[in-house]
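J.: below: sequence and its predicted model.
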Amino acid sequence: MEVLPVTSERWADMVELFGPNGASSGCWCMWFRVVPKTWSANGSTGNRAAMERIVAGGVVPGLIAYEDGQPVGWISVAPRAAFERIEGAGAGESPAGPSVWSVVCFFIRPRRRGQGVGRALLAAAIDHARSHGAAVLEAYPIERDSPSNADAFTGPRSMFEKAGFREVGRFDRWRAVPDASGSDPKRLVRPPGRPVMRLEL
């Protein structure tokens, strides 16, 4: 398996992997990158166009795993400031600083799930973030005992723990992530909350 950054030359591979519906509900992995109102207004066509503009502009929004030359999986990894749903629209410089990056999404072909593609993507994302100056990599996974896999696109907690990530806080809204990060994270009251996990690079 080979894991490579998404560039304009590999845009067609991302389209092939995501399929006509944009991986999930016409998302095109823009859900974290824009505020909810923008994401809904964009629709599938607008979200695809927005992601294509990012890639065409020379920004790497994530990595693609290839097996025998075919795209089989995707991971979204970038500086946390790139994700408006977390940082807030117009937030400017990330409260976490430019050296904090986030892993926010996985998409793996159904026939290849549960076969180590996610682990390979995460390992490559760690290397990618480190090589581009990240000091910390954050993730917001689902819990092991989650009653639903509706939010499984962020990855399972156990996979991050095995990669060395540790919980630093909890949050109950995406915009509360900054409060759950940093040297003195808040543990929000409303249960169960979602873990913020960090890996020092």
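T.: Done, it's in. Everything numeric in this text was worked out from a predicted model, so none of it was measured.
J.: low-confidence stretches in this protein?
T.: 88-97, 144-151, 187-192 (pLDDT under 70).
J.: how long is stretch 29-40 from one end to the other?
T.: 13 Å (C-alpha to C-alpha, to the nearest Å).
J.: going by neighbour count, which residues in that stretch are buried?
T.: 29-34, 38-39 (16 or more other C-beta atoms under 10 Å). All C-beta spots, glycine's among them, are computed from the backbone N, C-alpha and C.
J.: name the nearest residue to S25, sequence neighbours excluded.
T.: S44 (7.9 Å; C-beta to C-beta, 6 or more residues apart in numbering).
J.: which pair in the buried residues of stretch 29-40 spans the largest distance?
T.: Maximum pairwise distance among the buried residues of stretch 29-40 (C-beta to C-beta): 14.1 Å, between C29 and T38.
J.: from the buried residues of stretch 29-40, which is closest to P195?
T.: F32 (16.4 Å).
J.: what residues are up against the closest one?
T.: Listed by C-beta atoms under 8 Å, 6 or more residues apart in numbering, the contact partners of F32 are 76, 83-86, 102, 104-105, 174.
J.: restricted to strands, list the residues you listed.
T.: Residues of the contacts of F32 located in strands (DSSP state E): 76, 102, 104-105.
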